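**Q** show me how the following folds:
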Amino acid sequence: MEQFVRESTLMKETTDIQDPNYDVLTEGLLHKVMVFFHIPHTWNNFQVAFIGLLISGLVSLAWYRKSTPALVVGAFSVHLLFFLLDSIMLKNLPKKQLSFGPWQSQLAALTVPRVLVSAILALIMMAVTSRIGLILLIAVQLIGTAAFYYGAYVEPFQLDLTELLMFTDRLPVGLPAMRILHITDLHIERWTRREDDVLRIVNETKPDMIVISGDYVNLSYNKDPETQRLVHQLLNQLSAPFGVYATLGSPPVDLRENILPVFEELDIKLMRNGWEVVDFGDGRQLVLLGMDCTHHIPTDEARLAHLMSQSPNHLPQLFVYHSPELMPQAAAQGIDLYLCGHTHGGQVRLPIIGPLLTSSQLGRRFVMGHYRLGRTHLYVSRGIGLEGMSAPRVRFMSPPEMTLVIMMPGGAVEEKSV
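**A** Down below sits the predicted model:
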């Protein structure tokens, strides 16, 4: 198999485009909020219990002016009960080998919507009786508990394979399809059945090539040697006839000094601002472009422009990058296919409202699934794992996903979930 290679390390040296002198994500409001809610991660059970009592007491005060003392005690008891239920379910996640990391941070984040619901219902009591208000409080909190159970225990393990059938006029008519499997946002903590499912889908799919677009570790475990060992263990089991290629994810997640050693002795080509022509045989070739993601759009835009100026443009082009934030630039460059993750599809989505957050500088413009601008097909995968720290360890209406892209000669697109 003949390949025309421009090694990523050489390309990085010749671009002369330095990394930004600050981290876009850690300087952002969302990350600072996550850090704030991560503060309780060192609290012991007594400290957590005290905060639970304090918050429940403050919530019950909102009911005081419109309720009898008995109903105030009822509101206090309801809030404390659900605080306790949240604690039990969170502490049980590691025991069930489902999710790991500090439960206290998650509890702090979960308390916010519970308190908001109680405050809103206290206002509603201005129009209804306090007894109805208490019944509504119990009902809404029960719904919240059911949603949390589903989001933490069920949906994160409903790993799905989505097929995207796309066509490009840069492939000669009559050639066989190229099957490309995309994996992203593994966010490994410890080994769970989700990692087993990843390997099962890889083996069942039998792709021609595998590409991985970063975020290999959970943010709570990005310095943990055991997590790094497990990432290496999973990656070491990936193989495809025409290679496995990878890029790095967000700098705060894939800490460069910790994640780069993971790739040592792996049969995986780590693309760090480089390109390569991959020959599939039978006259089928594509240009694979892979870049580090800094989330600093001017820097990454300049690097993409440099790669495009150096690489062939008569072959289909596949751009692998962690985030969808370069889609306008990729479309302007006429790239055929852009595969990324980062947004987790919003991770928590509500009916009608959609994703609550995307962690993308482009907001909701490219959240999940297939998009097209000009000749460029973008597929934003929902990813596989969970972020870490105080970010919700739940998925709701955004199940984990791997993507199989079938690239053929022509000019249309079709998407299906299997």
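
**Q** looking at residue 414 now. What's its pLDDT?
**A** Note on residue 414: pLDDT of 56.

**Q** which of the helices or strands spans residue 338?
**A** strand 337-340 (DSSP states H and E).

**Q** partner strands of that strand, parallel or antiparallel?
**A** Paired neighbours of strand 337-340 in the sheet (DSSP bridges): strand 317-320 (parallel), strand 376-380 (parallel).

**Q** that one: how far from the chain's middle?
**A** 15 Å (Cα atoms, centre = their mean, to the nearest Å).

**Q** returning to what we had before: buried deepest among the strands paired with strand 337-340, which one?
**A** Mean neighbours per residue, mean count of other Cβ atoms under 10 Å, is largest over these for strand 317-320, with a mean of 26. Just so you know, the C-beta spots here come from the backbone N, C-alpha and C atoms, and that holds for glycine as well.

**Q** tell me the helix or strand right after that strand.
**A** Remark: after strand 317-320, the chain's next helix or strand is helix 327-333, criterion DSSP H and E.

**Q** and for that next one, what are the contacting residues?
**A** Applying Cβ atoms under 8 Å, 6 or more residues apart in numbering, the set of residues contacting helix 327-333 from outside is 301, 304-305, 308, 319, 338, 362, 365-366, 371, 373-376, 378.

**Q** between these, which sits nearest residue 244?
**A** Looking at those and their distance to residue 244, the nearest is residue 319, at 17.0 Å (Cβ to Cβ).

**Q** quick one: the helices in the stretch 251-400 of the chain?
**A** For the stretch 251-400 of the chain, applying DSSP state H, counting those that start in this stretch gives helices covering 256-259, 297-310, 327-333.

**Q** return the set of buried residues in the shortest one.
**A** Yep, that's helix 256-259 we're talking about. Residues 258, 259 are the ones in helix 256-259 that count as buried (16 or more other Cβ atoms under 10 Å).

**Q** could you export that helix as CSV, CA atoms only?
**A** Only the C-alpha atoms of helix 256-259 are listed here, as CSV (Å, rounded to 0.1, in the frame of the first residue of the first chain):
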residue,chain,number,x,y,z
ARG,A,256,-0.5,17.1,26.3
GLU,A,257,2.2,16.0,28.8
ASN,A,258,0.0,13.2,30.0
ILE,A,259,-1.8,12.0,26.9
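
**Q** below-threshold pLDDT in this structure: ranges please.
**A** For the chain, the stretches with pLDDT under 70 are 1-16, 65-67, 126-130, 411-418.

**Q** residue 117 and residue 139 touch, don't they?
**A** No - using Cβ atoms under 8 Å, residue 117 is not in contact with residue 139; the gap is 10.4 Å.

**Q** nearest residue to the spatially most central residue of the chain in space, please, no chain neighbours.
**A** With distances taken as Cα atoms, centre = their mean, the residue of the chain nearest its centroid is residue 344 (3.4 Å). Once flanking residues are discounted, residue 344 sits nearest to residue 383: 5.0 Å by Cβ to Cβ, 6 or more residues apart in numbering.

**Q** list the contacts for the one you found?
**A** If you count contacts by Cβ under 8 Å, 6+ apart, residue 383 has them with 184, 185, 186, 187, 215, 341, 342, 343, 344, 345, 400, 401.

**Q** what of residue 229?
**A** The contact partners of residue 229, by Cβ under 8 Å, 6+ apart, come to none.

**Q** what helix or strand does it sit in?
**A** Using DSSP H and E, residue 229 sits in helix 225-235.

**Q** which element follows that helix toward the C-terminus?
**A** Next helix or strand after helix 225-235 toward the C-terminus (DSSP H and E): strand 244-246.

**Q** how far does that next one sit from the chain's center?
**A** Chain-centre distance of strand 244-246: 18 Å, with Cα atoms, centre = their mean.

**Q** can you check stretch 259-278 too?
**A** The chain centre lies 21 Å from the centre of stretch 259-278; the measure is Cα atoms, centre = their mean.

**Q** ok, stretch 88-107 next?
**A** That offset, for stretch 88-107, works out to 19 Å (Cα atoms, centre = their mean).

**Q** swap in stretch 209-228?
**A** Offset of stretch 209-228 from its chain centre (Cα atoms, centre = their mean): 12 Å.

**Q** compute the first-to-last residue distance for that stretch.
**A** Stretch 209-228 has its terminal residues 24 Å apart, counting by Cα to Cα, to the nearest Å.

**Q** try stretch 385-398
**A** Using Cα to Cα, the end-to-end distance of stretch 385-398 comes to 11 Å.

**Q** stretch 366-378 now?
**A** In terms of Cα to Cα, the two terminal residues of stretch 366-378 are separated by 9 Å.

**Q** which of the residues in stretch 85-94 are buried?
**A** Using 16+ other Cβ under 10 Å as the test for burial, stretch 85-94 gives 85, 86, 87, 89, 90, 93.

**Q** can you redo these as a markdown table with secondary structure?
**A** Below are the buried residues of stretch 85-94 laid out as a markdown table (DSSP: H, G, I helix; E, B strand; the rest coil):
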| residue | secondary structure |
| --- | --- |
| 85 | helix |
| 86 | helix |
| 87 | helix |
| 89 | helix |
| 90 | helix |
| 93 | helix |
